[in-house]
Structure formats: C-alpha cells, structure tokens
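need the 3D shape of this:
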Amino acid sequence: MKADALIEQYILSHLEKEDPLLNRLHRETNLKTVNGRMCSGHLQGSILTLISHLVKPLRILEIGTFTGYSALCLVKGLAEGGMLHTIEINEEYESIASAYFAESGFQDKIVQHIGAAEDIIPSLDETFDLVFLDADKRLYVSHYHLLFPKVRIGGIIIADNTLWGGKVVSHSAHPDEHTKGIMQFNDLVKDDPRVETFMLPIRDGMTILRKISL
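Predicted coordinates for the structure are as follows:
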C-alpha cells in the first residue's frame, strides 16, 4: 500500500468514529450514484465540521450539494438560529439528500436549491459567514466572483478539489477544461489581496480563504 494511503488510514483511525447516519449516506451514495467518489467522506467531513464549529456561522452557503454529506457536516457548527443554503444543479440527487436531511433532524436548518448556482446565488439576500465551493470546476472562477460580495469580512470560503488529482502540476500543454478551471481559480485567489489563502493537501486538495477586505 502506498505511503499516502497508509497515512490516511492512520489519521482515520485516530478520528472520532464516523456518525452512523453519515456512514449510511456514504454507502448509499457509492451504491446508487456513478460518482460516489465525490462524496466528502469521513476525513474531509471531519475537517468541515471542525471549521464550522470554529466559525460558528449564522449563515452557510454550499455550492454543490451532491447527496448531502458535506452539508450535514457543516450544519453541525451552525450558531443558534442559523441556516445553511445548499445548491445542486442535478435534481437526481435531491431525494437522497432531502431524506437524510430529514432523518438528521437538521431539515429545518437546511434550504435546498435545485438549479444553476449562477442563477441562484444572485437571488440570495443573505450575508454568509462560511462558504463551501464544490461544484463544476470549470465555473469556480465565476462562482467565486458571484459569492464573494455576499461573504462578510472575516468570513471563510473553502474550495474543494484544488489539487484535482495532481493534474494542476502535470505540466500538460493542453489541460482539460476542468483542470484549467481549477488552475485559473488557484491563480486568482493566490493573487487576490482581499483574502488570506492556505491550501491543504487533504484528499484532492482543499483551499481555505479568509476574506479580509471588500
């Protein structure tokens, strides 16, 4: 077994046991969807929950619900009276996510939006404390520009898959459109003076940004 897989196993063995509901959701996602690997899983989910608890957000925005695993991790850290808005363009995943939201007891704190994020984000009259970006990689830059004005100063933006299977360092002369989108996003936020940025080499890469100015 490769060293990175052994390290991940070691980390997982030293985390709190996965929530049984999330464990079932992870299993169902892999059984019923083609892209089960897109599910956050216990390692990333634990990080999302920790960040949410640290931020204590009143409003969370998630772009890319998939089957709801990451939303259920993030919602655990909501402040009293808080709400999570989650956007998914593929309506086929809506029923799985909504069923687990209901079972979790957090359904009254989660608002599901089905449609294109570029249409829905402008319609949200909210200021967000925490954003999780995990949708179409080709649209990361445009989504970033749309969501940024809706994030408070000091708010946190988390972007997933920012290492994109190592393709960001493959030196391909002709990267595919998803890889190109990730690379453009990474370059954009690196040079954006309005944010502090750190990239975590966890799973497929997670970039954490803190908004420091308008």
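
check which helix or strand the residue nearest the centre of the chain maps to.
For the chain, the residue nearest the mean C-alpha position is residue 132 (3.7 Å; Cα atoms, centre = their mean). Assigned by DSSP states H and E, residue 132 falls within strand 128-133.

could you say what helices and strands whatever helix or strand comes next after that strand packs with?
Later in the chain than strand 128-133, the nearest helix or strand by DSSP H and E is helix 140-147. With contacts taken as 3 or more Cβ pairs under 8 Å, 6 or more residues apart in numbering; DSSP states H and E, helix 140-147 sits against strand 59-63, helix 117-120, strand 128-133, strand 151-160, helix 177-190. Just so you know, the C-beta spots here come from the backbone N, C-alpha and C atoms, and that holds for glycine as well.

of these, which is nearest residue 73?
Among the helices and strands packed on helix 140-147, the nearest to residue 73 by Cβ to Cβ is strand 128-133 (9.2 Å).

where do the strands of the chain begin and end?
59-63, 83-88, 110-114, 128-133, 151-160, 195-200, 206-211 (DSSP state E).

CSV for the helices and strands packed on helix 140-147, including mean pLDDT and distance to residue 143?
Below are the helices and strands packed on helix 140-147 laid out as CSV (pLDDT from 0 to 100; distance: least, Cβ to Cβ, whole Å):
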stretch, mean pLDDT, distance to residue 143
strand 59-63, 98, 6
helix 117-120, 98, 6
strand 128-133, 98, 6
strand 151-160, 98, 9
helix 177-190, 97, 9
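
just to revisit the earlier point, listing partners with orientation, what would you give for the strand holding residue 132?
Using DSSP bridges, strand 128-133 pairs in its sheet with strand 59-63 (parallel), strand 151-160 (parallel).

okay, those, which one's buried deepest?
Of all the strands paired with strand 128-133, strand 59-63 has the most neighbours on average by mean count of other Cβ atoms under 10 Å, namely a mean of 27.
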